[in-house]
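Trainee: Kindly generate the corresponding structure for this input.
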Amino acid sequence: MARERGPRFKQCRRLGLNVSGHPKAMNRAVKGTSRADKKLSEYGVRLLEKQRLRAYYGVLEKQFRKYVEDAFKTKEGTTGEALLIRLESRLDNLVYRMGFANSIRAARQMVNHGHILVNGNKVDIPSYKVEPGTNISLTEKARKSPNYIENIKAHVNTLPYIESNLDEFKAVYTRYPQRNELPIMINENLIVEFYSR
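Mentor: Numbering: from 1, shown residues only. I've put the predicted structure just below:
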């Protein structure tokens, strides 16, 4: 399975944005450590934004390009929003958003190890596309893990497109999110321009 293996905090400092979601990720960031601190060409600005979005969701280049090609084919909404919705609807991302894991990397591992049920069936593919109305829950074995229990207790759901019932270790992806509901700081139009050139 292809995945990012590099140091997360270093990646955040390089991109000039906390893409890992960890509260301490940018503690050592100083002026000059980020690519955004340097004078960039138009191409460089678009490339940086693309790298930031890839890092947010932990997707490698080949897979990301497939999401972009798919988004270009959409007939509803803008291409940039379609891309974000496709990435947000990944199973590993939703496991993270629902509070079962404290990072997308941890969520990806949970899915790979078979700790996640989708509508009652075990799914171990992190990139699995989740449709609205889908129930996502932990397996019986995972519900006894102190780590997962701790993550759930610490989680506060503020996303309107996720309905959580964390007492029962389950949540529902109720609908596709709107752009202003996504908790990411990205200009998706720059990414569309990058791939349109």
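
Trainee: From what I see, Glu88 and Pro183 are in contact.
Mentor: No: using C-beta atoms under 8 Å, Glu88 and Pro183 do not qualify as a contacting pair, with a distance of 9.7 Å. In this view, the C-beta of every residue, glycine as well, is placed from N, C-alpha and C.

Trainee: quick one: which of those two has more around it?
Mentor: Glu88 (22 against 11; other C-beta atoms under 10 Å).

Trainee: For the residue nearest the centre of the chain, which residues are in contact?
Mentor: Nearest residue to the geometric centre of the chain (C-alpha atoms, centre = their mean): Tyr57, 3.4 Å. By C-beta atoms under 8 Å, 6 or more residues apart in numbering, the contact list for Tyr57 reads 87, 90, 93, 104.

Trainee: count of residues packed around Asp167?
Mentor: For Asp167, using other C-beta under 10 Å, the count is 7.

Trainee: I'd assumed it was in a helix, is it?
Mentor: Yes: applying DSSP: H, G, I helix; E, B strand; the rest coil, one finds Asp167 inside a helix.

Trainee: So it versus Asn18, what's the distance?
Mentor: 30 Å (C-beta to C-beta, to the nearest Å).

Trainee: Quick one: the contacts of Tyr57 as a markdown table, columns for secondary structure and distance to Pro160 too.
Mentor: Below are the contacts of Tyr57 laid out as a markdown table (DSSP: H, G, I helix; E, B strand; the rest coil; distance: C-beta to C-beta, whole Å):
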| residue | secondary structure | distance to Pro160 |
| --- | --- | --- |
| Leu87 | helix | 18 |
| Arg90 | strand | 19 |
| Asn93 | helix | 16 |
| Ile104 | helix | 20 |
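
Trainee: low-confidence ranges in the protein?
Mentor: 1-5, 21-27, 29-30, 32-37 (pLDDT under 70).
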